[in-house]
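In: sequence and predicted model, in that order:
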Amino acid sequence: MAVPAAASVRDANRYRPPAVTGLVDLLDRQVRDRPRARALVVTGDRVHLSYRALAALADDVAARLGRTGLHRGDAVGLICANTAEFVVALLGAARAGLVVAPLDPTLPGSQLSARLEALGAQAVLLGPPAADAPPIARVPVPTWPLRVDASRAGTAAVTLDTGARTVRHVRGAAHELSGQDALVLFTAGTIDRAKMVPLTHANVAASVRNICATYELGPGDATVAVMPFFHGHGLFAALLASLASGGCVLLPQRGRFSARTFWDDMRAANATWFTAVPTIHEILLDRSETDYPGPQVPPLKFVRSCSAPLNAATQRALERTFGAPLLSAYGMTESTHQATSEPLAQGGALKHGSVGRATGVDLRIVDGNGRTCPVGVQGEVWVHGATVARGYLGRPAETAHTFVDGWLRTGDLGSLDQDGYLSLTGRIKNLINRGGEKISPEHVEDILAGCPGVAEAAVFAVPDATYGQRVGAAVVVREGESIGSEEILHYCRDRLAAFEVPDRLVLVAGLPHTAKGGLDRLAVETRYATEVTHRRP
């Protein structure tokens, strides 16, 4: 069900999403109406930066960039941890008419360089790395260091060294960009696998409005930045939606999530919600007996989970521990992050195991012949709406395959129930073909994660001469638990079809994850497909 862009005049109490048109005017309403309200809490001293101060810093950066010779629609990279420098650089470059490509500061130099060259970036805005992180790698692109100095009094100044200020003659995909574009985000993977997704200011505005409407975010809300801003989850859900709605975002001192300081940060921000991936939720849950301060934390309106499947048992445990509803959401870079979410209590029922209803977009479930599936029948999830990107930069064949008449083919399998709630069952490309039986690794992982004593699981295909592929699993057992492989397999046999039960299972100390916290399936398969030794009798 689509979320309306504006409420009816006759319904004065209905929530109204912020009226923004993109990154350029994201702060304008707050600067006019609430200039002294806190927008960010930054540094170890937890300095409050007001909307007026943040806008002034962004305008200063925009003016300096305007003197470099860059033109509207030119692309610049942004490499920075979750600090004030990231926010100021992003908004300042947007106000200068530039297209910003945020990049993971922890990538090796070869990958950073390859992405910048593939894009055709004119320069890189460089902020500080996260605390204790290695120095950001050198890149063969003009690098412009940016620093923000904030005082305890709430005043701040920005320095930006643009050097020779010359425009490069670049190759790459930047010629496909225009002044209507705001961002280029990279999908997960190495440069050969990662795709460049251009997002317009209209895409950004629609995404922000939908997120704000879903959770009714407003000036009374605050959050802590848990997820990195170089991915859509942290960028749109935590940062941009909060600023557009007049809320506040605390940026952890280290420039990234720290379980050790998280609850202190939540109290310092007087936070009403936060969003994270299941891996981080699991960490907070595991540490809750010693770290969670209970009544000392301000009451949470809700907690949000996105970017990877959340086990239903974990969801219930988190709700009991934190005393707030845990809302699962779903989205992709290509849909400018959020496409669905479970609603707040006043908006509908919670259905654990689902990722909620459409938020400002249209959904279809499509079979292999391109026909819409009936309620309850599994197919590929398609998304249509103002948040859907126009395609990929420099990849016309993949654009033609993935974007069809305005619809985004997500590559995810799922079904809709009679109330429009979406349940996901896995990625099409991840399916394991065991002698003709198609197995969803995500489904098997969900069952494994529900086994008492199991902290996390990864399921993958193991090549087999007889069946083509068999089911392999790597399982992490919780600290202090003594459960073994046979007990885990016995649990699976009671809950899975015989062909879905792992043929081979190995207990491991930990699993590899991507930068945004999801399971790194390629690394899992590379590391464990030849190591699994436990065979089913």
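Out: In hand now; what should we look at?

In: quick check on Asp104: phi, psi?
Out: In terms of degrees, to the nearest 10, the main-chain angles of Asp104 are phi -70, psi 120.

In: dump stretch 388-400 to PDB, restricted to CA.
Out: Only the C-alpha atoms of stretch 388-400 are listed here, as PDB (Å, rounded to 0.1, in the frame of the first residue of the first chain):
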ATOM      1  CA  VAL A 388      13.500   3.100  -8.300                       C
ATOM      2  CA  ALA A 389      16.800   4.100 -10.000                       C
ATOM      3  CA  ARG A 390      16.900   4.400 -13.800                       C
ATOM      4  CA  GLY A 391      19.600   1.700 -14.200                       C
ATOM      5  CA  TYR A 392      23.300   1.100 -13.800                       C
ATOM      6  CA  LEU A 393      26.100   3.300 -15.100                       C
ATOM      7  CA  GLY A 394      28.100   1.800 -17.900                       C
ATOM      8  CA  ARG A 395      26.200  -1.500 -17.900                       C
ATOM      9  CA  PRO A 396      23.500  -1.300 -20.500                       C
ATOM     10  CA  ALA A 397      22.900  -5.100 -20.700                       C
ATOM     11  CA  GLU A 398      22.500  -5.400 -17.000                       C
ATOM     12  CA  THR A 399      20.300  -2.400 -16.900                       C
ATOM     13  CA  ALA A 400      18.000  -3.900 -19.600                       C
END
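
In: would you mind listing the buried residues in that stretch?
Out: By neighbour count, and taking 16 or more other C-beta atoms under 10 Å as the criterion, the buried residues in stretch 388-400 are 388-394, 399. (Glycine included, C-beta is placed from N, CA and C.)

In: go through those residues and name the one nearest Thr514.
Out: For the buried residues of stretch 388-400, the closest approach to Thr514 (C-beta to C-beta) belongs to Tyr392, at 19.1 Å.

In: let's have the buried residues of stretch 388-400 in TSV, adding distance to Gly294, secondary structure and pLDDT.
Out: Converted to TSV, these look like this (distance: C-beta to C-beta, whole Å; DSSP: H, G, I helix; E, B strand; the rest coil; pLDDT from 0 to 100):
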residue	distance to Gly294	secondary structure	pLDDT
Val388	42	coil	98
Ala389	42	coil	98
Arg390	48	coil	98
Gly391	48	coil	98
Tyr392	47	coil	97
Leu393	48	coil	97
Gly394	51	coil	95
Thr399	50	helix	97
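
In: what segments of the stretch 351-500 of the chain are helices?
Out: Counting by DSSP state H, counting those that start in this stretch, residue ranges of the helices within the stretch 351-500 of the chain are 396-402, 441-449, 485-493.

In: give me the contact list for the first one.
Out: By C-beta atoms under 8 Å, 6 or more residues apart in numbering, the list of residues contacting helix 396-402 from outside reads 195, 334, 390-392, 408-409, 411.

In: leaving out sequence neighbours, find the closest residue to Cys188.
Out: For residue 188 the amino acid is Ala, not Cys. Thr514 (5.4 Å; C-beta to C-beta, 6 or more residues apart in numbering).

In: list the contacts for Arg95?
Out: Applying C-beta under 8 Å, 6+ apart, the residues near Arg95 are 23-24, 58-59, 61-62.

In: typo on my end, Leu507
Out: With contact taken as C-beta under 8 Å, 6+ apart, Leu507 is in contact with 474-477, 484-485.

In: just for the stretch 301-450 of the chain, where's the confidence low?
Out: Applying pLDDT under 70 to the predicted model, the stretch 301-450 of the chain contains no residue that meets it.

In: one step back: can you list the helices of the stretch 351-500 of the chain in JSON lines and add distance to Ser151?
Out: Rendered in JSON lines, the data for these read as follows (distance: least, C-beta to C-beta, whole Å):
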{"stretch": "helix 396-402", "distance to Ser151": "48"}
{"stretch": "helix 441-449", "distance to Ser151": "47"}
{"stretch": "helix 485-493", "distance to Ser151": "55"}
